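Enquirer: Provide a 3D model corresponding to the input given below.
(chains A and B)
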Amino acid sequence: MSNSPQQLAKASKATIQAVRGMNDLLPKDAPLWQFLEDVTREVFEQYGYCLMRTPIVEPTPLYVRSLGEVTDVVEKEMYSFEDGLSGEKLTLRPEATAGLVRAAIEHNLLYDGPKRIWTWGPMFRHERPQKGRYRQFHQFGVEALGFAGPDVDAEQITMLARLWKRLGFSNIELQINSIGDLAARKAHRDALVVYFEAHQDQLDEDAKRRLYTNPLRTLDSKNPKMQDLANAAPKLADYLGEAERAHFDGVKSRLDAAGVVYQVNPRLVRGFDYYNRTVFEFIGRGNDWELAIAGGGRYDGLVEKMGGKPAPSCGFGIGVERVIMLLQETRQPSSSMLDAYVVYAAEAEAQACGIAEQLRDCGLAVAVHGAADGGIGSFKSQMKKADGSGARFAIILGSDELATGKISLKNLADGEQALATLDEAILLLQSISSPST
RNA sequence: GUGGCCGUGGUGUAGCGGUUAGCACUACGGAUUGUGAUUCCGUCAGCGAGGGUUCGAUUCCCUUCGGCCACCCCA
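Expert: As a prediction, this is how the structure comes out:
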């Protein structure tokens, strides 16, 4: 019904836009993303985490089983559809953990012991878009599968703290909490429901709606009228057993030892059902916003629940777009990676391309001038382009250079220009070329 | 998903029933022989889309698409 011939005809005239909440990464923003990807990979590798990748599309039941049937994500935010060709029920992944766990089980990844892994890519959730919240967004996902002790919890939190430091962030807040094991959570939840039922008359609309679905959220209510009620409610901490408390203490003492500053937030919870014990969240603050930039926790039962052998685990996700927002506020745009920009007269066009190829053979980054209209333009306009490209040097090929068999090499930073042979130019360019190329 | 605010060249904006839709930045071209700045001159480029009201709509109304904010939730 949404694609009547009339509507299609109309649509065919209008320009086609990107799907709502799904953004293009434009060239001007790419360097920042690449910087973040590079630094993140380096930090993860420092801790022995290995890259792996899973498909963007998974069978829908994977998420229903792992995240929990009554979670918001599963109930109303998943891009689920039926493959018209096979009839399979599929879902665009809303998070990374379930797919990684599925793959770990499918390939028996844990047969010779626990594994530290990470991944990265787009995730999809059908929410109303806002700043820092998109329908296609990107996450780094990190999982330590098969580790039972509090050491990996602390390791991952410490790793994130190191990442923020490497990225130059200072205004990051860390909140941690223990939500206990399943039994403790269930006992606490039941007590909460009983408590709220006994105070039905004081509940606001949200609280009533969430009474049986997500009573924990009511503890976090922003409604001032609910504060007293929430404060007097049963506390999760009182339901934690000895082992759970010891685990949490283990995490905290390791963070203390590593010098990682944190705040215990007894109301911190996660949106997915599979979490237990340690949960944590890093809050980033920009000029006019405050959002979680990374969050995670322990999920001791998930691997077993998904059909694998029991493998207590811990993991987290980083919101790439949100980290990029912070980077945009704290970092200057990075400079071009070009070593040279070739400017040439019409009769030197063939030589320009040839010389550029020879320079690239030597590992240099070289752009050859090209104009929108297919011509090449004056030397003046070519030099403007050379300047705008951010290249360190301009290589000038005109009739004079052709006649002498040399090239002119102009340092765009200080304006120095000299004639040189190609070999001399290569040596000079290599000596100032950035080592990463 | 609910409620609210908002869509003017690539960017930031002025105008708000009849205007050649103004300004700034950017881009492009030029200011004597083959050279990046500044300055000066010039040029390109816009009312998100679709209906309606009207003699006439960028301006008013509706729908839609998109952005942002709050809620919800979360990275």
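Enquirer: What distance do you get for A:Leu163 to A:Ile157?
Expert: Distance from A:Leu163 to A:Ile157, counting by CB to CB, to the nearest Å: 11 Å. The way it works is simple: take the backbone N, C-alpha and C, and place the C-beta from them, glycine included.
Enquirer: ugh, wrong one, A:Ile293
Expert: 13 Å.
Enquirer: A:Glu95 too?
Expert: Taking CB to CB, one finds A:Glu95 at 19 Å from A:Ile157.
Enquirer: Kindly report the same for A:Leu429.
Expert: 44 Å.
Enquirer: the more surrounded of the two?
Expert: Neighbours were counted for A:Leu429 and for A:Ile157 using other CB atoms under 10 Å; A:Ile157 has more, 25 against 22.
Enquirer: next helix or strand past whichever strand or helix holds that one?
Expert: Assigned by DSSP states H and E, A:Ile157 belongs to helix A:150-167. Following helix A:150-167 in sequence order, the next helix or strand is strand A:172-178 (DSSP H and E).
Enquirer: give the contact list for A:Gly271.
Expert: A:Thr71, A:Asp72, A:Val73 (CB atoms under 8 Å, 6 or more residues apart in numbering).
Enquirer: Just give me the closest of these to A:Arg53.
Expert: A:Val73 (21.3 Å; CB to CB).
Enquirer: Not counting sequence-adjacent ones, nearest residue to that closest one?
Expert: Spatial nearest neighbour of A:Val73, chain neighbours left out: A:Pro94 (5.1 Å); criterion: CB to CB, 6 or more residues apart in numbering.
Enquirer: hang on, isn't the one you found packed against A:Arg125?
Expert: Yes. Under the criterion of CB atoms under 8 Å, A:Pro94 makes contact with A:Arg125 at 4.9 Å.
Enquirer: Now for the two: what residues contact both?
Expert: A:Val73, A:Glu77, A:Met78, A:Tyr79.
Enquirer: Over to the residue lying closest to A:Val320 once chain neighbours are set aside. Which of the three states is it?
Expert: Nearest residue to A:Val320, sequence neighbours excluded (CB to CB, 6+ apart): A:His138, at 3.8 Å. Under DSSP: H, G, I helix; E, B strand; the rest coil, the three-state class of A:His138 is strand.
Enquirer: Was I right to think A:His138 contacts A:Thr119?
Expert: No. Using CB under 8 Å, A:His138 makes no contact with A:Thr119, being 11.0 Å away.
Enquirer: Name the residue of chain A that lies nearest to RNA strand B.
Expert: Per CB to the nearest atom of the strand, A:Gly271 is where chain A lies closest to RNA strand B, at 1.6 Å.
Enquirer: ok so that residue is a helix residue?
Expert: No. Assigned with three-state DSSP, A:Gly271 falls outside any helix and is coil.
Enquirer: Give me the local confidence score for it.
Expert: pLDDT for A:Gly271: 74.
Enquirer: What's the first helix or strand after the host helix or strand of A:Glu281?
Expert: Assigned by DSSP H and E, A:Glu281 falls within strand A:276-285. Following strand A:276-285 in sequence order, the next helix or strand is strand A:290-298 (DSSP H and E).
Enquirer: List the contacts of that following strand.
Expert: A:132, A:142, A:153, A:156, A:160, A:172, A:179, A:270, A:275-284, A:312-319, A:322-323, A:326.
Enquirer: just to revisit the earlier point, and the helix holding A:Ile157, does that touch RNA strand B?
Expert: No. Helix A:150-167 stays clear of RNA strand B (CB under 7 Å from any atom of the strand), getting no nearer than 10.9 Å.
Enquirer: mind listing what's buried in that helix?
Expert: In terms of neighbour count (16 or more other CB atoms under 10 Å), helix A:150-167 has its buried residues at A:150, A:152-161, A:163-164, A:167.
Enquirer: now the strands for the stretch 251-400 of chain A?
Expert: With strands called from DSSP state E, counting those that start in this stretch, the stretch 251-400 of chain A shows them at A:263-264, A:276-285, A:290-298, A:313-319, A:340-344, A:366-368, A:393-397.
Enquirer: typo on my end, it should be the stretch 101-250 of chain A
Expert: A:115-124, A:136-145, A:172-178.
Enquirer: Alpha carbons of the shortest one, as CSV, please.
Expert: Just to be clear, that refers to strand A:172-178. Extracted as CSV, the C-alpha positions of strand A:172-178 are listed here (Å, rounded to 0.1, in the frame of the first residue of the first chain):
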residue,chain,number,x,y,z
ILE,A,172,35.2,10.9,31.3
GLU,A,173,33.2,9.4,34.2
LEU,A,174,33.2,5.8,35.0
GLN,A,175,30.3,4.2,36.8
ILE,A,176,30.2,0.6,38.0
ASN,A,177,27.8,-1.6,39.8
SER,A,178,27.2,-5.3,40.6
